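**Q** I'll drop the sequence and a predicted model, then ask my questions.
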Amino acid sequence: MTEILALNHVTFAYPSEDPTPRNAVEDVSFSVNEGEWIAIVGHNGSGKSTIAKLMNGLLYPQQGDVRFMRDVLSDENLWDVRSQMGMVFQNPDNQFVGATVQDDVAFALENNGIPYEVMVERVHEALAQVKMEDFLDHEPHHLSGGQKQRVAIAGALALRPKLLILDEATSMLDPQGRMEVLQTVQQLRAETGLTVISITHDLEEAILADRLLFMNGGKKFATGTPNEIFALGDELIELGLDLPFAMKLSRLLKAEGVALNGQNMTEEELVNDLWTSNFNA
Amino acid sequence: MDIELQRVGFSYAAGTPFEKRALYEVDFKIDSGTYQAIIGHTGSGKSTVLQHFNGLLKPTEGQVDIGDYRITAGKKAKNLKEVRQYVGIVFQFPEHQLFEETVLKDIMFGPLNFGVSKEDAEARARELITLVGLPTEVLEKSPFDLSGGQMRRVAIAGVLAMKPDVIVLDEPTAGLDPRGQKEIMDMFYTLHKEEGLTTILVTHSMEDAARYADDIIIMHDGKNVLRGTPRDIFADAATLRGYRLEPPRIVRFQEKVEKLLGHPLDTVCLTEEELAKSVAKHLPKERGK
Amino acid sequence: MDKIIFGRFLPGNTYVHKMDPRAKLLFVFGFIVVVFLANNTITYSILIGITLFVMLLARIKPSFLINGLKPVVFLLIFTFLLHLFFTREGDLLWEWGILKIYEGGLRQGIYIAIRFAVLVIMTSFLTLTTSPIAITDAIEILLNPLKKIKVPVHELALMMSISLRFIPTLMDETDKIMKAQMARGSDLSTGPIKDRIKAVVPLLVPLFVSAFKRAEDLATAMEVRGYKGGEGRTRYRQLAWHSRDTLALVVLFALAGVLFYYRG
């Protein structure tokens, strides 16, 4: 397995007048392998957004290092690394640079000096990947939030990145927009095996990931598969997160004396569990 | 305070080449003391309708009654400002309306505009800051030094400080984490019960409507198309889907369970707890244990 | 606000719409100079003729033009009257007390009014038929030689295009904040001036805060997407010069020649 990105004992504190400033991120280590989907979860203020900024060199750690493709991130390789790392932010409006959809998708290509003919091809290809190819000349204020985020994803894809980072990219969207974006990411993963890091407090988004990094108070609280993390149950609730819908329901059902075997993260699992545990002895 | 819309039509930029129709013959009455949800997908006209509840927009057709005030299309409305102290609106991302040097001053802004004395306004601010779940020290801070979630609570306090009879909530939890969402919704529900407020929740969250509302109005293409209790509305998932709305997750899951059981449950369940009880009742009794 | 035509863009697919924005810019600037060659009935008639011709070519409704002139109508009448009363040439046509109108004054007033109207109309044609972003592109390319003397042409053009991109967003934002403060009893439209000015603070502060936040987000997004200034950048928006653009400039030169020939 190829390691794409790794944080090694990373500590970071924002500059402050306080003589003993609180570390926004403290001694966090984790790595992401090619083709993985990692979700970084935690409530607001858990340090997850700071991690996002550390991953692409908007901030540098005071201790430890961040490695992209095994190279330590520094001023020397910053621009090269950024060209291989797509990033989508929270506010759909504030990252739309171009006057129209296609101009915006081309923005990163222009910055990297890609020749015109290649740009045209890449813009169309990227927009087709997020199913926005019919909106080439649309202006941003005529698009929904979900559509704008898909354009932002296309803008990242156009550079053919090794890694896509979604920094709370769905948190300002309505349910439909959220669904559009998540479906787009799932489909991209199925088609291209893209490596994804999503920073989120949406649990339904988190259960789609292969692995979770659960942050609390700037520290790594736990890592594991969604199944392992959500097995923490009440501990998660105490730390300001919730449980996925199907799990919450499973717990309530068990409390009502219904026979169930697993903890059931998804609705499908729960329905199957209900069936096998109660009808199909 | 009742709010009644009678055959209300509204167009943006009316009378220009850029006119855009947003509402057609909207007709409904919200009774005093109700927890009313208004649901619709983006572009259904729900945001336009909510601005009629305190005269921020005046209908281009029909009339709006807010308590004893009447706003009629084409007539000049008097005393609109007075109406606004009875109907408080918490807009989407209300933290964007903060502007004062201190949280205290910002919360006092509304009451002072409506002629409340300085002492009373300050007393209200002190009372409300605790109610919205913030420590009183925050009052002396600049609102811009707070976290996003805290700013949201300050903004909400600023609207509540007007002591409105009706509170209109436009997607009040957008962008918050799960804990913040639940805390804010529970707070409004407690207020609704304790203060006897009329609460109007404008949302696309079916889950919140199912959990909190007494009554639901569905908006679609600028019209009110459906109305009923959450149980009635969500019992008919097919109709909802016709208005490009998905029933709440709990109802969708109930559909799956009913398929598994081969027969429907007694009633549409609106909360996880309710569904768990109902499912437990309908499952075959445990065998051999 | 909605009635102002000057500066608005009306998408279309006419000869004029399809022209290269550089050609349109050069044409309009050339036209502004050429207009000053006119000084008699024939030459002013030619100017009116060419303006009407462009209008037909761009399929712009005359009602649009009349609307477009409305904001400047006061200025138009003012310059007309100024010349009418203060140019004292030719025969005396009319007299009332100290007010005297001479034939030359009437003529001059009409000429100046026509010159002014034609200039405004031609410039509105430019914005009516060219998207703001295309105009920005054209300005950037036309000003490119200035880079040699260290004028930050690329940065200026980028600033302009980002401003254009954010105008609708900030308009929505203004409306939203205004409504939110009105709902809190703020009153922007009645009361003495002093109170109204005070009422602007609750609108401006949040607007600035939000604009700065947006600017910060945007700068971050641009940096992450590899923006490091104009150097080494390629252009996605390409402008293509066609024969119709050359033709437009030939027409402009011909016009200058004709005016020069017929001027008195």
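**A** Nice, thanks for sending it over.

**Q** Which parts of the chain are helices?
**A** Picking chain A for this. With DSSP state H as the criterion, chain A has helices at A:48-55, A:78-82, A:101-111, A:116-129, A:145-157, A:175-192, A:203-206, A:226-230, A:234-238, A:245-255, A:267-278.

**Q** that's the wrong chain, I wanted chain B
**A** Using DSSP H, helices in chain B cover B:46-50, B:80-86, B:103-113, B:118-131, B:148-160, B:178-195, B:206-212, B:230-235, B:237-242, B:249-261, B:272-282.

**Q** Reformat the ones you listed into TSV and put distance to C:Ala58 and mean pLDDT next to each item.
**A** Bear in mind the C-beta positions are built from the backbone N, C-alpha and C, glycine included. As requested, these are exported to TSV (distance: least, C-beta to C-beta, whole Å; pLDDT from 0 to 100):
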stretch	distance to C:Ala58	mean pLDDT
helix B:46-50	35	94
helix B:80-86	44	88
helix B:103-113	50	95
helix B:118-131	58	95
helix B:148-160	48	94
helix B:178-195	53	92
helix B:206-212	50	91
helix B:230-235	53	92
helix B:237-242	45	90
helix B:249-261	54	89
helix B:272-282	63	89
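
**Q** Now mean neighbour count and distance to A:Leu127 too, for the ones you listed, in JSON lines please.
**A** Shown next, in JSON lines, are the helices of chain B (neighbours: other C-beta atoms under 10 Å in any protein chain shown; distance: least, C-beta to C-beta, whole Å):
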{"stretch": "helix B:46-50", "mean neighbour count": "22", "distance to A:Leu127": "29"}
{"stretch": "helix B:80-86", "mean neighbour count": "20", "distance to A:Leu127": "45"}
{"stretch": "helix B:103-113", "mean neighbour count": "24", "distance to A:Leu127": "43"}
{"stretch": "helix B:118-131", "mean neighbour count": "16", "distance to A:Leu127": "48"}
{"stretch": "helix B:148-160", "mean neighbour count": "24", "distance to A:Leu127": "32"}
{"stretch": "helix B:178-195", "mean neighbour count": "17", "distance to A:Leu127": "33"}
{"stretch": "helix B:206-212", "mean neighbour count": "22", "distance to A:Leu127": "31"}
{"stretch": "helix B:230-235", "mean neighbour count": "19", "distance to A:Leu127": "37"}
{"stretch": "helix B:237-242", "mean neighbour count": "14", "distance to A:Leu127": "29"}
{"stretch": "helix B:249-261", "mean neighbour count": "18", "distance to A:Leu127": "31"}
{"stretch": "helix B:272-282", "mean neighbour count": "18", "distance to A:Leu127": "40"}
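
**Q** Out of those helices, the one nearest A:Leu212 is which?
**A** Taking C-beta to C-beta, helix B:178-195 is the member of these nearest to A:Leu212, at 14.9 Å.

**Q** which strands and helices sit next to the closest one?
**A** Under the contact definition 3 or more C-beta pairs under 8 Å, 6 or more residues apart in numbering or on different chains; DSSP states H and E, helix B:178-195 sits against helix B:148-160, strand B:166-170, strand B:198-203, helix B:206-212.

**Q** from memory A:Ile199 sits against A:Thr50, does it?
**A** No. With contacts counted by C-beta atoms under 8 Å, A:Ile199 stays clear of A:Thr50, the gap being 10.0 Å.

**Q** Mind pulling the model confidence for C:Asn127?
**A** Just to correct that, residue C:127 is Thr rather than Asn. At C:Thr127, the pLDDT value in this model is 87.

**Q** ugh, wrong one, I meant C:Asp2
**A** pLDDT, C:Asp2: 47.

**Q** what does the one 5 residues further on give?
**A** According to the model's per-residue confidence, C:Gly7 sits at a pLDDT of 62.

**Q** Residue 142: neighbour count?
**A** No chain in the question, so chain A it is. 11 (other C-beta atoms under 10 Å in any protein chain shown).

**Q** could you do chain C instead?
**A** Using other C-beta under 10 Å: C:Leu142 sits among 15 other residues.

**Q** wait, doesn't it sit right on C:Arg22?
**A** Yes. Between C:Leu142 and C:Arg22 there is a contact under C-beta under 8 Å: 5.9 Å.

**Q** in the stretch 1-150 of chain B, which ranges drop under the pLDDT threshold?
**A** B:16-17 (pLDDT under 70).
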